[in-house]
Structures are given as C-alpha cells and as structure tokens.
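only geometry, no sequence info:
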C-alpha cells in the first residue's frame, strides 16, 4: 500500500508577513471582469445590500489555491464561466497575500485561521438574509481544503443547526492533509454533498476518495491529456498543468448551461472502468456543477486534451490511447 507521502512539500519559499485583515470578498456582476466590487470581511454583509446582488439566485463563493492572486488565469476562467451562465451571484475570496510564502509554515496555517473567520462571516451573512440553502463553496487545491474547514466551523459555531448544502473541491491539496495528523482533510460529512474532482492525485492533489462523490477523469492522476511531460520544476506552468485541469473542467461545466457536461460512470476502480465493469447498474453522474445531489461513490470518465474537454457519453467508455506510428 502506498504511504501518504509527497516530497513536494514546498518548504523552500519565502515567508509571508500577511495579516488576516488582508483577505476580502470580491463580488462580480455584469458581464465583464471589470464589473466588480471589493468588501472587507467585517463588512461582507454589505454585499446583500447591493443592487446587483440577487438573493433569489444561488450564490457561489470560490476560493483559490496556494500562491494564486486575483490576477491568475483561474480567477478569470471561473468568473467568466459564471458570468456566461448568468444565473449565480459570484463571489471570489481574495486571500492572495495569505496564500503566499512558505506553504507548510504560512499558507496552510493561514487557511485554518482565515477559515475560522470566514465561518463567522458566512454565519453573519446568513443571519442577515443570505439563503444558506443556495450557498455553494467551491475551492481549488488548498482552497478546496479550506472550504471543508469553513463548513465544519459553521456547523460547530451554529451548534449543528446549519450544514451547508454543497462543497465542490477541485483537486484538493495533498500535503499535509493526508494522513491528516495535524490538519483534518475535507470529508463527506462537511456538507450534504461534497463532490471532488481529482486530476493530480498523489502529487499536488488528494491521493484518495475524500468526498461524497469523487470523480476521477483519466484516472485522476498526472498526466492529464493535453498536458506536457513534467519537467519537475516545482510550481511551474508545466508542473501544475494536471493540477489546474480540475478548474478548467469545472469552468466548462458551468459555462455550458444548455448541455450537461462530463457524464461519468460509477466504478470501484480505474481498472474496472477500463474493463467496462461498472458498479451495479450503469449509473451516470455528471462531473461539475450538474453533479446530482444524491451522487455517492467513485466515478470515472475520459476527457479530451483540449477544449471542449467533455467527450459527452463517449467519455464513459474507455478508449485506449492510440500509439504513435
């Protein structure tokens, strides 16, 4: 059995001097990235007073990962997808200063400290009228682990009277959450539905099933189709390709509102998927925003190596990689 060990512990980066009050919510509205408004966390309830905020719509809070900022491509892709869809309030947690520095000594501890504050912030929003049943936390990498922590703290602080409906974790971070001696990883009890997309398992992403429904596109491991051979220069564009593919998949599922993307088949393992041995009857679930609330277990699929990534129903039947002639 593999040990939960990843040599990529990111311990060589500079320390950060960021303070917790540097984090803020960014509300995006309209159809362009320029249409945005920032709110400090103590004043987050002012979001509910904005003319552009529609409490009748679902609200998504997206949490980016380690060493990311609002200038990163992931933010632009995610925001654009929700703006294209047009039926959500989209809020980005900007915690770029706190997500910087030394991963183990700065970013991970900061995610825990900030997660505690965000639980209070979200409860304040709920107490002032936010519909908690329409609230959805989505996080990538360390942001995915933070989403689980926030949800657990919300349950604790509300004496188990409030449990989030859904958390979606996009290749949630591996170290130091598995085996989770010092920090508890995201788990299926954190929300009513915890759906997870694995794209870089055992390297930057979680090595095992960790949600209610876990999706394993292309086995869930490196290399994802279309990604270059890793050069192992840590945190480079090349090195992060498979890890980042998770948010590309998510964004595509969001933007393609008229057609559900990424149908997936329930199996016990990737090998079973390859052999066409499904778990029970042929059970389909959609990876991404259209994941059914009653989905549970492990789901597998294949994708294209470039956009559109979804192969539709053909992705539920294994096709061997063609050898070069």
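It's in. Just so you know, these numbers come straight off a predicted model, no measurement behind them.

Point me to the helix or strand that includes the closest residue to residue 46 other than its chain neighbours.
Distance criterion C-beta to C-beta, 6 or more residues apart in numbering; nearest residue to residue 46, sequence neighbours excluded, is residue 39 at 5.8 Å. Glycine gets a C-beta too; all of them are placed from N, C-alpha and C. Here residue 39 sits within strand 36-40, counting by DSSP states H and E.

rewinding a little: for the residue nearest to residue 46, what are its contacts?
With contacts defined as C-beta atoms under 8 Å, 6 or more residues apart in numbering, the neighbours of residue 39 are 24-27, 46-47.

Closest one of those to residue 89?
Using C-beta to C-beta, the shortest approach to residue 89 within the contacts of residue 39 belongs to residue 27, at 7.3 Å.

Run through who's touching the helix or strand containing that closest one.
Secondary structure assigned from DSSP H and E places residue 27 in strand 24-28. Outside of strand 24-28, the residues that reach it under the criterion C-beta under 8 Å, 6+ apart are 35-41, 44, 47, 50, 52-53, 61, 70, 79, 82-83, 89-94.

redo that, cut-off 6 Å
Contacts to strand 24-28, defined as C-beta atoms under 6 Å, 6 or more residues apart in numbering, come from residues 36-40, 44, 47, 79, 90-92, 94.

That strand pairs with which strands?
The partner list of strand 24-28 in its sheet, established with DSSP bridges, is strand 36-40 (antiparallel), strand 89-94 (antiparallel).

Packed most tightly, which of those would that be?
Each of the strands paired with strand 24-28 was given a mean neighbour count from mean count of other C-beta atoms under 10 Å, and the largest, a mean of 23, is that of strand 89-94.

Could you confirm residue 216 falls within a helix?
No - using DSSP: H, G, I helix; E, B strand; the rest coil, the secondary structure at residue 216 is strand, not a helix.

Bridged to it, which residues?
Note on residue 216: beta-bridge partners residue 300, judged by DSSP bridges.

Find me the pLDDT at it, would you?
For residue 216, the pLDDT comes out at 98.

And the helices in the stretch 101-250 of the chain?
Shown for the stretch 101-250 of the chain, the helices assigned by DSSP state H, counting those that start in this stretch span residues 108-127, 142-157, 241-255.

Rebuild the ones you listed as TSV, extending it with mean neighbour count.
Listed next are the helices of the stretch 101-250 of the chain as TSV, based on neighbours: other C-beta atoms under 10 Å:
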stretch	mean neighbour count
helix 108-127	19
helix 142-157	25
helix 241-255	25
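
Please tabulate those helices in CSV, including the columns mean pLDDT and distance to residue 273.
Formatted as CSV, those follow (pLDDT from 0 to 100; distance: least, C-beta to C-beta, whole Å):
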stretch, mean pLDDT, distance to residue 273
helix 108-127, 97, 33
helix 142-157, 98, 23
helix 241-255, 98, 17
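
what's the closest of those helices to residue 216?
Between the helices of the stretch 101-250 of the chain, helix 241-255 lies closest to residue 216; by C-beta to C-beta that is 11.2 Å.

tell me the angle that closest one makes with helix 142-157.
An angle of 60 degrees separates the directions of helix 241-255 and helix 142-157 when computed by axes from the mean of the first three to the mean of the last three C-alpha atoms, to 10 degrees.

Packing partners of helix 241-255?
Contacting helix 241-255 under the criterion 3 or more C-beta pairs under 6 Å, 6 or more residues apart in numbering; DSSP states H and E are the following elements: helix 73-85, strand 166-170.

that older thread, just flag the most distant two among the contacts of residue 39.
Looking across these, with C-beta to C-beta as the criterion, the two at the greatest separation are 26 and 46, at 12.9 Å.

Quick one, which of the helices of the stretch 101-250 of the chain gets closest to residue 283.
Checking the helices of the stretch 101-250 of the chain against residue 283 by C-beta to C-beta gives helix 241-255 as the closest, at 18.5 Å.

Tell me the gap between the next helix or strand after the closest one and the middle of its chain.
Per DSSP H and E, helix 241-255 leads on to strand 263-266 as the next helix or strand towards the C-terminus. Between the centre of strand 263-266 and the centre of its host chain there is 19 Å, according to C-alpha atoms, centre = their mean, to the nearest Å.

again, but for stretch 287-297
For stretch 287-297, the distance from its own C-alpha centre to the chain's C-alpha centre is 14 Å (C-alpha atoms, centre = their mean).

Can you give me the buried ones in it?
By neighbour count, with 16 or more other C-beta atoms under 10 Å as the criterion, the buried positions of stretch 287-297 are 287-291, 295-296.
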